[in-house]
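[1] generate a structure from the sequence data that follows.
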Amino acid sequence: MAMDLNSDLGEGYGAWRMGDDAAMLAIVSSANVACGFHAGDPLTILSTLREAAQRGVAVGAHVSYPDRVGFGRRKMDVTPAELEADVVYQIGALQGLAAAAGTRVTYVKPHGALYNTIAEDAAQGDAVIAGIRAVDPTLILMGLAGASILGRARDAGLTVAAEAFADRGYTAAGALVSRREPGAVLHDPEQVAERMLRLATEGAIEAADGSLLHLDAQSICVHGDNPAAVAMARRIRDRLVAAGVAIAPFHEAAR
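    Just a heads-up that it's a prediction; the model follows:
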């Protein structure tokens, strides 16, 4: 068995630091790197990419709505043409920085509100898919396990990877619990590690109402801005490896 472990990184801005990228890059196998629209300045992004390259961590473009003030967590009513152009712009910017850092972008993972919106919104989902295809149709799209966007991307010719969230609660329908509701964000490394071990070995995760969800996921995400992110990611990795689950970039087995 193998599982990818990913985190959202490169999200600091100038003197403002977000998370501990160096510590996370010693644990994860894939890094979703901010592209400047929700977070990340060029030097912060480049530094994160250099560290990822040094550690052999796969790099993905963490594209977002243009929303720095809201950290990309506010839905925006943008036209498909605008969104496609925004995706092209962000991937291109990260590709340039990645080349300078001695690595390359292998996948795209939308961020925050954009990620949640395109899970089921066909118009915005198709715009993101079009943006990816316009830049490089070999880039893999990472999305929420069970969401319709993955099927739409496959139909458009993209390779996809499904992910589950270690530090987020799930509804019985398989969606993420809104951050405005209790239980949306999990903080206990032991609880989270146990949940992810069950996901990796049984393909199952408990929803907020106690029901059991069955998810086909190739990657597990730990948000880098969670205060317990490093401890959580390290505990997940240790539990999975001890159970015989290898930690490896998902693009090596993406479907």
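[2] only C-alpha atoms from now on, for both contacts and neighbour counts.
    Fine.
[3] can you pull out the helices in this structure?
    If you assign secondary structure with DSSP state H, the helices in the chain sit at 21-25, 42-55, 80-101, 112-118, 122-135, 148-155, 189-202, 229-242.
[4] between those helices, which one is closest to residue 63.
    Comparing those by their distance to residue 63 (Cα to Cα), the top pick is helix 80-101, with 6.2 Å.
[5] which of the residues in the closest one are buried?
    Residues of helix 80-101 classed as buried under the neighbour-count rule (16 or more other Cα atoms under 10 Å) are 80, 83-92, 94-95, 97-98, 101.
[6] re the thing from before, could you dump the helices of the chain to CSV with mean pLDDT and distance to residue 70?
    Converted to CSV, these look like this (pLDDT from 0 to 100; distance: least, Cα to Cα, whole Å):
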stretch, mean pLDDT, distance to residue 70
helix 21-25, 95, 21
helix 42-55, 98, 19
helix 80-101, 98, 17
helix 112-118, 95, 10
helix 122-135, 98, 19
helix 148-155, 97, 24
helix 189-202, 95, 26
helix 229-242, 95, 20
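[7] switch these over to TSV; also include distance to residue 9.
    Below are the helices of the chain laid out as TSV (distance: least, Cα to Cα, whole Å):
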stretch	distance to residue 9
helix 21-25	6
helix 42-55	7
helix 80-101	13
helix 112-118	13
helix 122-135	20
helix 148-155	23
helix 189-202	19
helix 229-242	11
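[8] of all the ones you listed, which lies closest to residue 12?
    helix 42-55 (6.4 Å).
[9] the closest one vs helix 80-101, what angle?
    Using axes from the mean of the first three to the mean of the last three Cα atoms, to 10 degrees, one finds that helix 42-55 and helix 80-101 are set 60 degrees apart in direction.
[10] start at 431, not 1
    Got it, the first residue is 431 from now on, which makes the last one we talked about helix 472-485.
[11] check which residues of helix 472-485 are buried.
    When burial is assessed from 16+ other Cα under 10 Å, helix 472-485 yields the following buried residues: 472, 474, 475, 476, 477, 478, 479, 480, 481, 482, 483.
[12] try stretch 446-465
    Quick answer for stretch 446-465 (16+ other Cα under 10 Å): 448-451, 454-465.
[13] end to end, how far does that stretch reach?
    16 Å (Cα to Cα, to the nearest Å).
[14] residue contacts, residue 595?
    Listed by Cα atoms under 8 Å, 6 or more residues apart in numbering, the contact set of residue 595 reads 650, 651, 652.
[15] okay if I get the residues you listed as a markdown table plus neighbour count and distance to residue 538?
    Formatted as a markdown table, the contacts of residue 595 follow (neighbours: other Cα atoms under 10 Å; distance: Cα to Cα, whole Å):
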| residue | neighbour count | distance to residue 538 |
| --- | --- | --- |
| 650 | 25 | 15 |
| 651 | 22 | 14 |
| 652 | 24 | 16 |
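[16] residues of stretch 664-681 that come out buried?
    By neighbour count with 16+ other Cα under 10 Å, stretch 664-681 contains the buried residues 664-667, 669-671, 675, 677-681.
[17] residue 553 contacts residue 508, doesn't it?
    No. The pair residue 553 / residue 508 is not scored as a contact, 10.2 Å apart, by Cα atoms under 8 Å.
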